[in-house]
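>>> Here's a sequence, model it:
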Amino acid sequence: MAFCGKASILEELTAYTDDWELLTCGIVQVEVPRGLRSEKASQRMSDFLGCMLYVPTLNSIWTRAATLAHQLDRQGHSMQVADLVIATCAIDSDALVLTHDSDFARVPGLRVAQALT
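Numbering: from 1, shown residues only. Down below sits the predicted model:
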């Protein structure tokens, strides 16, 4: 998820909490706050992610992520392990992934959006 140019991604996401259930997983909880420049923004994002529904990364998620990695690699579309796990968690939860990373669009069965509206 890219946050550049957003006045407040938290405000934008919060506007949708009445209509959507927001989900996260462990890798998102590590990767997203780490990408924010200021400590304050990082902490606010960590707190926000901590309020979302949590998708645990059980052994079955890792097994399916490995299968997905193998499938995509054979098609010439390798992905970072973190992205594979995020995609697998989203597919397992029937969730939409909000991202600007074009790699996610190559994942069969994954719903992807680049913007909330």
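>>> Could you use CA atoms for every contact and neighbour count after this?
OK.
>>> could you say what helices and strands whichever strand or helix holds residue 31 packs with?
Element membership of residue 31 [criterion: DSSP states H and E] is helix 26-34. Contact here means 3 or more C-alpha pairs under 8 Å, 6 or more residues apart in numbering; DSSP states H and E; on that basis helix 26-34 packs against helix 39-50, helix 81-93.
>>> Check what pLDDT the closest residue in space to residue 45 that isn't next to it in sequence gets.
Spatial nearest neighbour of residue 45, excluding adjacent residues (C-alpha to C-alpha, 6 or more residues apart in numbering): residue 33 at 5.8 Å. On pLDDT, residue 33 comes in at 93.
>>> Now for residue 33: which residues touch it?
Contacts for residue 33 (C-alpha atoms under 8 Å, 6 or more residues apart in numbering) come out as 41-43, 45-46.
>>> neighbouring contacts of whichever helix in the chain runs longest?
Identified as the longest helix of the chain according to DSSP state H is helix 59-74. The contact list for helix 59-74 (C-alpha under 8 Å, 6+ apart) reads 78-79, 81, 84-85, 87-89, 92, 107.
>>> mind listing what's buried in it?
Within helix 59-74, the residues scored as buried using 16 or more other C-alpha atoms under 10 Å are 61-62, 64-66, 68-69, 72.
>>> In a markdown table: those residues, plus distance to residue 12 and pLDDT.
As requested, those are arranged in a markdown table below (distance: C-alpha to C-alpha, whole Å; pLDDT from 0 to 100):
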| residue | distance to residue 12 | pLDDT |
| --- | --- | --- |
| 61 | 29 | 97 |
| 62 | 31 | 98 |
| 64 | 32 | 97 |
| 65 | 30 | 98 |
| 66 | 33 | 98 |
| 68 | 31 | 97 |
| 69 | 32 | 98 |
| 72 | 32 | 97 |
